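Chemist: I would like the atomic coordinates for the input below:
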Amino acid sequence: MDKLEGNGKKPGITVFSGGTAANSLVDVFNKIVEKKGRQLSYVIPISDNGGSSSELIRFVGGPSVGDIRSRLVRLIPNHDRDNDEEMMALKALFEHRLPGDPIRARAEWLDIVEARHLLWTFISSPKRELIRSILNTLNLEIVKRARPTSVFNFAEASIGNMFLTGARIFSGSFESAIYLLSMICSIPSSVAVLPAINSNFTHHISAGLADGTSIAGQVNISHPSAPTALPDDGVVAPALTAADHDRIEDANLPGSLPVLRRQHIAFSKDDEEDLPARIERVWYINPYGHEIWPVANPKVLAALARSTTVVYSIGSLYTSIVPSLVLRGVGAAIAAPRVRHKVLVLNSRLDRETGPAREPMTASDFVAAIARAGAESWTPGAVGREDEWRRYVSHLLYLEGEGTPTVNVGSLERLGIRCVRVAGRTVGEGRRAMLRYDEDALGEALEAIIDS
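Modeler: Residues are numbered from 1 along each chain as shown. This next block holds a predicted model:
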C-alpha cells in the first residue's frame, strides 16, 4: 500500500524549480497529483535580484518574491463554477505590470491603489478592499522611505510582487503573505508553494567559475543588465562606487557590495554573451560578499520528509535549482532512503549558465552539478563523487533534437541512473522555434516512474 509509515497519508511529490520556465509544466504536475491523490510541494529560491524584484529589494528590502508570485498566479484555477470572471480578473491583476516609463507607471500605480483602474472591474468588493489595503500598506512604506537621493522606480513593477511585499510588511511574515495570496486566489490546498528559505531578509548568491573568477548576484550570473536610471534624471546612471552607494538611503546596509545594490529592472534573457568559463559551484553570500550557509525552510524539509518522489524541473540549473539544493538539510533529506525517485527533467536547450560554446554541458554534467549541490548541503565545498550521483538523481527524462544537451545514456545507466527519452513538440517558428516536452508524454513518463 502506497503510504508513509505511521501516518496513513499518501506520500508527497516535491518539485524543485524556478518561476517562468517550469510554469509550462504546472498542468502536468497537477494532473499527476489529482490522479494519485498526492500532496505537491514546489520549492522555489528567493535569490533572484533582477526585474521588478530588484527595485523592491533595493528600496524596502526583503526576499525576492518574483518567482514565488509567478508560480502562485500560474496555480490560480482556470475554472471556478461560481466565479470564473473573478478568477480571471485576479489572475490579470496579479500578472499585471506597470508601464516601462517611470512617470506613467507611477500614475497607473495610483489608479490601482485608489481603485480607479479597470483591473478591479470583476473583482468582488471584499477581495478588492483587502487587496487594496495591502497595496496601500506598501505605498505608505514607499512614501515614508523616499529621500532626495533615492525614490522608488515604479517602471515595469509587477502588481503581484507589490502585493506579496506589502503583505509581508503588514504581517511581518513572508509565509503569511504567501498564505494570503493563496487564499484570495483559491489555490488548492493540495498544492504548496514554499520559498527555499523562509526569511524577511534579502539573500544573494555567487557563482565560482572554472577559471577562478566569481560572479556576485543572480542577475549577473544568468542575465546581466545595465543599471537602470532613477525616474527623475532620464538618463542611464554611471556606475557607482561603494562610497557613492553609502550616500544613498535605501534598504541596503552601508558597505554592501555595489554590484548587489544596482537596479536591474530591464533585462533580457535572450542573446546573452557566454560566460568566460563553466560554473563550478554556487553559494550564498552576505551583503559584503562573504560566504554563508543558510538553513532550508523547515517546511521544505518537512515536505521532503513526506515525499517519495523529487523532481528537478526545467529551468536555469545554477540559479533556479542549485540555490535550493545547497541549503543546509536539503541534501540529507533528498538522499534519505524514503525518497525512492529523484527525477531530473533535462532542459531542452543550453543557456548562458550551461552552454559556453567551447565546452557545452552534457546530461552527465547536469547530474554532476545536482550531486555536487546536494553534497555541499552537507559540507560546503564538497565535490560530490561520481559514485554518489545516484543518491541525488535516479532517473533522467530528456528530449532528442537539434540543440538539446548530449545524453550519454550508457555511462549514466552504468551509474544506476535510468534514462528515459520523452516525445517533444516544436513551439514557435524561425529563430524562436523551441523544442518542448509533450505534456501527455511527460506525464506518462513521470507516472511510470512514480508507480515503479
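Chemist: Point out where the stretch 201-350 of the chain drops to low pLDDT.
Modeler: Applying pLDDT under 70 to the stretch 201-350 of the chain flags residues 225-248, 263-272.
Chemist: for it, what spans make up the strands?
Modeler: With DSSP state E, counting those that start in this stretch as the criterion, the stretch 201-350 of the chain has strands at 204-209, 214-216, 279-285, 291-292, 307-312, 341-345.
Chemist: Highest mean neighbour count out of the ones you listed?
Modeler: strand 307-312 (a mean of 25; mean count of other CB atoms under 10 Å). No exception for glycine: its C-beta is placed from N, CA and C like everyone else's.
Chemist: what angle do it and strand 341-345 make?
Modeler: Going by axes from the mean of the first three to the mean of the last three CA atoms, to 10 degrees, strand 307-312 is angled at 20 degrees with respect to strand 341-345.
Chemist: who touches strand 307-312?
Modeler: 4, 11-17, 29, 41, 304, 321, 334, 338-345, 370, 393, 446, 449-450 (CB atoms under 8 Å, 6 or more residues apart in numbering).
Chemist: Filter these down to just the ones in helices.
Modeler: Assignment to helices by DSSP state H places the following of the contacts of strand 307-312 there: F29, L304, I334, I370, L446, I449, I450.
Chemist: can you pull out the helices in the stretch 301-450 of the chain?
Modeler: Under the criterion DSSP state H, counting those that start in this stretch, the stretch 301-450 of the chain contains helices at 322-325, 330-335, 363-378, 409-414, 439-451.
Chemist: want to throw these into a markdown table with mean neighbour count?
Modeler: Output for the helices of the stretch 301-450 of the chain, formatted as a markdown table (neighbours: other CB atoms under 10 Å):
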| stretch | mean neighbour count |
| --- | --- |
| helix 322-325 | 26 |
| helix 330-335 | 21 |
| helix 363-378 | 23 |
| helix 409-414 | 13 |
| helix 439-451 | 17 |
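Chemist: which one of those helices lies closest to L93?
Modeler: Closest approach to L93 among those (CB to CB): helix 439-451, 27.1 Å.
Chemist: Next, the angle from the closest one to strand 307-312.
Modeler: If you take the same axes, to 10 degrees, helix 439-451 sits at 140 degrees to strand 307-312.
Chemist: rewinding a little: with distance to R328 as added columns, please give the ones in helices among the contacts of strand 307-312 in JSON lines.
Modeler: Shown next, in JSON lines, are the ones in helices among the contacts of strand 307-312 (distance: CB to CB, whole Å):
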{"residue": "F29", "distance to R328": "26"}
{"residue": "L304", "distance to R328": "13"}
{"residue": "I334", "distance to R328": "13"}
{"residue": "I370", "distance to R328": "17"}
{"residue": "L446", "distance to R328": "28"}
{"residue": "I449", "distance to R328": "28"}
{"residue": "I450", "distance to R328": "28"}
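Chemist: Tell me the one of those nearest N139?
Modeler: Distances from N139 to the ones in helices among the contacts of strand 307-312, taken by CB to CB, are shortest for F29, at 35.5 Å.
Chemist: ok, how many other residues are close to the closest one?
Modeler: By other CB atoms under 10 Å, the residues close to F29 number 23.
Chemist: From what I see, it and L40 are in contact.
Modeler: Yes - counting by CB atoms under 8 Å, F29 touches L40, with 5.9 Å between them.
Chemist: Need the residues touching each of those two.
Modeler: Taking CB under 8 Å, 6+ apart as the contact rule, F29 and L40 both touch I13, V15.
Chemist: so L446 makes contact with I32?
Modeler: Yes - counting by CB under 8 Å, I32 is a contact partner of L446 at 6.0 Å.
Chemist: about what we covered before: closest one to R425 out of the ones in helices among the contacts of strand 307-312, please.
Modeler: Nearest member of the ones in helices among the contacts of strand 307-312 to R425, counting by CB to CB, is L446, at 17.0 Å.
Chemist: Could I get the contacting residues of that closest one?
Modeler: Residues in contact with L446, defined by CB under 8 Å, 6+ apart, are V28, I32, V311, V343, L397.
Chemist: what about it, distance to G51?
Modeler: As judged by CB to CB, to the nearest Å, L446 and G51 stand 30 Å apart.
Chemist: what are the bridge partners for Y437, then?
Modeler: Taking DSSP bridges as the rule, Y437 bridges to G424.
Chemist: ugh, typo on my part, it should be V295
Modeler: Bridge pairing for V295 - DSSP bridges - gives R328.
Chemist: What separation do you get for it and A92?
Modeler: Separation of V295 from A92 (CB to CB) stands at 37 Å.
Chemist: so where do the strands sit in the stretch 51-200 of the chain?
Modeler: Here the stretch 51-200 of the chain has its strands, by DSSP E, counting those that start in this stretch, at 191-195.
Chemist: Tell me where it has helices.
Modeler: 52-60, 66-74, 84-95, 102-113, 125-145, 159-171, 174-184.
Chemist: How is the chain partitioned into domains?
Modeler: 12-47+281-451, 76-187, 207-260 (automatic domain parsing).
Chemist: out of these, which comes closest to L56?
Modeler: Among the domains of the chain, domain 76-187 comes nearest to L56, with 5.1 Å by CB to CB.
Chemist: Most widely separated two among the contacts of L446?
Modeler: Every pair of these checked by CB to CB; the farthest is I32 and L397, at 13.3 Å.
Chemist: quick revisit: now the contacts of L446 as CSV including distance to N286?
Modeler: CSV is the format used below for the contacts of L446 (distance: CB to CB, whole Å):
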residue, distance to N286
V28, 38
I32, 39
V311, 31
V343, 34
L397, 37
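Chemist: For the residue nearest to K127 when sequence neighbours are not counted, give its distance to A167.
Modeler: The spatially closest residue to K127, leaving aside those adjacent along the chain, is I184, at 5.9 Å (CB to CB, 6 or more residues apart in numbering). With distances taken as CB to CB, I184 is found 10 Å from A167.
Chemist: Between the two, which has more neighbouring residues?
Modeler: Between I184 and A167, counted using other CB under 10 Å, A167 has the larger neighbour count: 26 against 21.
Chemist: Skipping adjacent residues, who's closest to that one in space?
Modeler: A167's closest residue in space is A177 (CB to CB, 6+ apart), at 3.5 Å.
Chemist: cool, D27 as well?
Modeler: Leaving out its chain neighbours, the residue that sits closest to D27 by CB to CB, 6+ apart is E439, at 6.2 Å.
Chemist: what does G61 give?
Modeler: Of all residues not flanking G61 in the chain, A251 sits nearest, at 3.4 Å (CB to CB, 6+ apart).
Chemist: Report the contact partners of that neighbour.
Modeler: Neighbour list for A251: I57, R58, F59, V60, G61, G62, R145, T202 [criterion: CB under 8 Å, 6+ apart].
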